[in-house]
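S.K.: Sequence first, then the predicted structure, then my questions.
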Amino acid sequence: METLIVILVGILVSIGTYLILSKQLLRIVLGASIVSHAVNLLIMTSGGLKKGSAPLLGEKMAGFTDAIPQALILTAIVINFAVTALVLVLCYRAYQNFGTDDMEQLRGNENE
Amino acid sequence: MRMNNWLIAPVIIPLLTGMLLIIFQKNIKLQRTLSFLALLAVGVISVLLMVQIKGSGIQTLQLGGWEAPYGISFVGDMFSALLLLATSIVSVCCLIYAFPSIGRKQEKLYFYPLYLFLITGVNGSFLTGDLFNLYVFFEVFLVASYVLITLGGTRRQLRESLKYIFTNVIASAFFLMGVAYLYSITGTLNLADLSLRVAEAGQDGLITTVALLFLIVFALKAGLLLFFWLPGSYSVPPTAIAAIFAALLTKVGIYAIFRMFTLIFYHEPQITHLWIGLLAAATMILGGLGAVGFGDIQKILTYNVVISVGFIMLGLVSSTPEGLAGSIYYLLHDILIKALIFLIGGTVIHLTGTSRLKDISGLIRLRPALGWMFLIAALSMVGIPPLSGFLGKVFTIQGTFEAGDYGFGAIGLVASLFILFSMIKLFMNVFWGETVLCEDEEKGSMKGLLLPIALLTFASLALGIGAEGIAPYVAQAAEELLDPNLYIQAVMD
């Protein structure tokens, strides 16, 4: 199961990389977002997928699922959410200002 | 157990003050006073911490009473405390510079809360003893810097900030990847515990690969070879913000590299430290070419930031007591001096209305104090005794020679020549020559701008002339970096 998820992570990262390499701002944002989600999956897998019961709910179970990766993902998702929201606003503002969402046209020292 | 509640103060004070100031958005007088007092308090506390660490070794705080390695530990060793102190000095000076220069609009658009959050993140990164917590504090100051860099919303700022943000978002994703790999290998995130477990299991190929992944991440943040985003994004924000960025943001990346590669990944220096050395050498050469080649104040200054990042790494590469002490000393010097030259450069642009060297000349007749302070800063960066850059350079180069890395040492010396050339070029073009500007033609007033510049010059001079007094602290910091057991013992029992 872990192997499958890791392969899935790989696929997601390659999709994200493809999107980041494109010219349009919105695609880059989406690409960065997909890479972050792939990394969240990777963290989940790093603790080992479901191995036992839920932690802290009793003392009779033989094994517990590691709760730390889930806590980490929760934090990472919140941060990623905030950053993505900020970037989207910024992209919209840039689009309004420059009249284009093509990164190629934002190179060099023009537009000043 | 050496619990010390003061350790949380440098994080909590700016954080709470910043949150409070969001409520009082319109009351600029209150915002100015409170943020100034908060940063001053952090400075006093960092001095206090330094004295305590000097007296009784590394201080720790287990947050929420959860013992290491289960909870998050805060660890204050001498290296962190010195960086905290330098951060407070610089943040106070840049804040004073921001009062008259940042502009009413920006002040009402949450400049002060954002500034305080930036300092929160930087201080937190210096103090935390937990890898994931380090990521969180990195994000805290990065998000603050994303907003600060766009504050004002000119077209240039928007364009450069997009590149800056995308670069950092991707770097953060790689940071988390490294965290995930390290967690699946060792099963812990506490830096001290990580160090123990990596030492027990031996640093095999897999862990070394993860170490190199971390090196890439922090190199991106520090501008070590991967500095393509730096010159653009550091030249667009208002002067006070650019100065605090140049002084602090790359330094946090440098701090993280030092911490990771002295505490955890120190078993395979022939691979990891060699790579750091190669990156540092390339950084110094490319940064030097940039500093020499450009004819624009902001470009020259930002490329000087790049050179110093490479130079500071040399001490880590050598991993000798002298080399590390030199690096730490140079790091402190560099935090002060980069803020200083960015403030002076920004003031020159503010006065003349242009950043092109060709269009500026003979400013020293109008502004003698500014010119001479720039000369002091420039000579200090080059490493002329008794100014503050000298000792750092001597020890760092001595360290590389002792470790047998003659090539790296030589490149470090050549980089000093690049710095000398670029700074003197700046000085001669801007301050010497025929005065083309008369007093009433100046684009802006100097009111209140000279005080923070003078304060920073004084701090830099004090660091150079008072080196004897600071030496024992720097030596202790280097000693703690070289012996990970000190750190581990302080955290674990």
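M.R.: Perfect, thanks for sending it. Model, not experiment: these values are computed from the prediction. Numbers count the residues shown, from 1 in each chain, chains lettered A, B, ... in the order given.
S.K.: how about the residues of chain A near chain B?
M.R.: Proximity of chain A to chain B, by Cβ under 8 Å from any Cβ of the partner chain, involves residues A:20, A:25, A:28, A:32, A:35-36, A:39-40, A:42-43, A:45-48, A:68-69, A:72, A:75-76, A:79, A:82-83, A:86-87, A:90-91, A:93-94, A:97-98, A:103, A:106, A:111-112. In this view, the C-beta of every residue, glycine as well, is placed from N, C-alpha and C.
S.K.: helices or strands up against the longest helix seen in chain A?
M.R.: Ranked by residue count and defined by DSSP state H, the top helix of chain A is helix A:68-98. Packed against helix A:68-98 by the contact rule (3 or more Cβ pairs under 8 Å, 6 or more residues apart in numbering or on different chains; DSSP states H and E) you find helix A:25-46, helix B:131-150, helix B:155-186.
S.K.: Not counting residues beside it along the chain, what's closest to A:Ile68?
M.R.: Among residues not flanking A:Ile68 along the chain, A:Gly47 sits closest, at 6.3 Å (Cβ to Cβ, 6 or more residues apart in numbering or on different chains).
S.K.: can you pull the pLDDT of the one you found?
M.R.: Each residue has a pLDDT score; the one for A:Gly47 is 80.
S.K.: same thing with A:Gly58?
M.R.: At A:Gly58, the model reports a pLDDT of 67.
S.K.: picking that back up, for ChimeraX, write the selection for the buried entries among the residues of chain A next to chain B.
M.R.: A single ChimeraX command is used to select the members of these judged buried by 16 or more other Cβ atoms under 10 Å in any protein chain shown:
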select /A:20,25,28,32,35,36,39,40,42,43,45,46,47,68,69,72,76,79,83,86,87,90,91,94,98,103,106
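S.K.: On the three-state scheme, the closest residue to B:Gly362 other than its chain neighbours is what?
M.R.: Of all residues not flanking B:Gly362 in the chain, B:Thr435 sits nearest, at 3.5 Å (Cβ to Cβ, 6+ apart). With DSSP: H, G, I helix; E, B strand; the rest coil as the basis, the three-state label of B:Thr435 is coil.
S.K.: Would you list the phi and psi of B:Thr435?
M.R.: The phi/psi pair for B:Thr435 (degrees, to the nearest 10) reads phi -80, psi 110.
S.K.: B:Gln62 now?
M.R.: phi -90, psi 110.
S.K.: so how far is chain A from it?
M.R.: Taking Cβ to the nearest Cβ, to the nearest Å as the measure, B:Gln62 falls 16 Å from chain A.
S.K.: Now do the contacts for that residue.
M.R.: Each residue near B:Gln62 by Cβ atoms under 8 Å, 6 or more residues apart in numbering or on different chains is listed here: B:Met3, B:Ala68, B:Gly71, B:Ile72, B:Ser73, B:Phe74.
S.K.: Mark which of these are buried, thanks.
M.R.: If you count burial by 16+ other Cβ under 10 Å, the buried members of these come out as B:Ala68, B:Ile72, B:Ser73, B:Phe74.
S.K.: Tell me which two of the residues you listed sit farthest apart.
M.R.: Maximum pairwise distance in the buried ones among the contacts of B:Gln62, criterion Cβ to Cβ, is 10.3 Å, between B:Ala68 and B:Phe74.
S.K.: Now the common contact residues for those two.
M.R.: Common neighbours of B:Ala68 and B:Phe74 (Cβ under 8 Å, 6+ apart) are B:Thr60, B:Gln62, B:Gly129.
S.K.: Where does the first one sit, in terms of helix or strand?
M.R.: With elements delineated by DSSP states H and E, B:Thr60 resides in strand B:59-62, which encompasses its position.
S.K.: Farthest out from the centre of chain A, which residue is that? Tell me.
M.R.: Residue farthest from the centre of chain A, counting by Cα atoms, centre = their mean, is A:Lys60 at 36.3 Å.
S.K.: Just say helix, strand or coil for that one.
M.R.: coil.
S.K.: what about it, distance to A:Gly47?
M.R.: In this view, A:Lys60 and A:Gly47 are 22 Å apart by Cβ to Cβ, to the nearest Å.
S.K.: same question, B:Lys105
M.R.: 47 Å.
S.K.: do B:Ala98 as well
M.R.: The gap separating B:Ala98 from A:Gly47 is 44 Å, by Cβ to Cβ.
S.K.: re the thing from before, out of the buried ones among the contacts of B:Gln62, which is nearest to B:Tyr181?
M.R.: Out of the buried ones among the contacts of B:Gln62, the member with the shortest distance to B:Tyr181 (by Cβ to Cβ) is B:Ile72, at 20.2 Å.
S.K.: Chain neighbours aside, what residue packs nearest to whatever residue of chain A ends up closest to chain B?
M.R.: Nearest residue of chain A to chain B: A:Ser46, at 3.6 Å (Cβ to the nearest Cβ). Residue nearest to A:Ser46 in three dimensions, not counting chain neighbours: B:Ser184, with 3.6 Å by Cβ to Cβ, 6+ apart.
S.K.: Touching, the one you found and A:Asp66? I think so.
M.R.: No - assessed by Cβ atoms under 8 Å, B:Ser184 is found out of contact with A:Asp66, at 10.0 Å.
S.K.: Spit out the residues that contact the two alike.
M.R.: In contact with both B:Ser184 and A:Asp66: A:Gly47, A:Gly48, using Cβ under 8 Å, 6+ apart.
S.K.: Model confidence score at the residue nearest to B:Gly290 when sequence neighbours are not counted, please.
M.R.: Excluding its sequence neighbours, the residue lying closest to B:Gly290 (Cβ to Cβ, 6+ apart) is B:Tyr303, at 3.6 Å. On pLDDT, B:Tyr303 comes in at 95.
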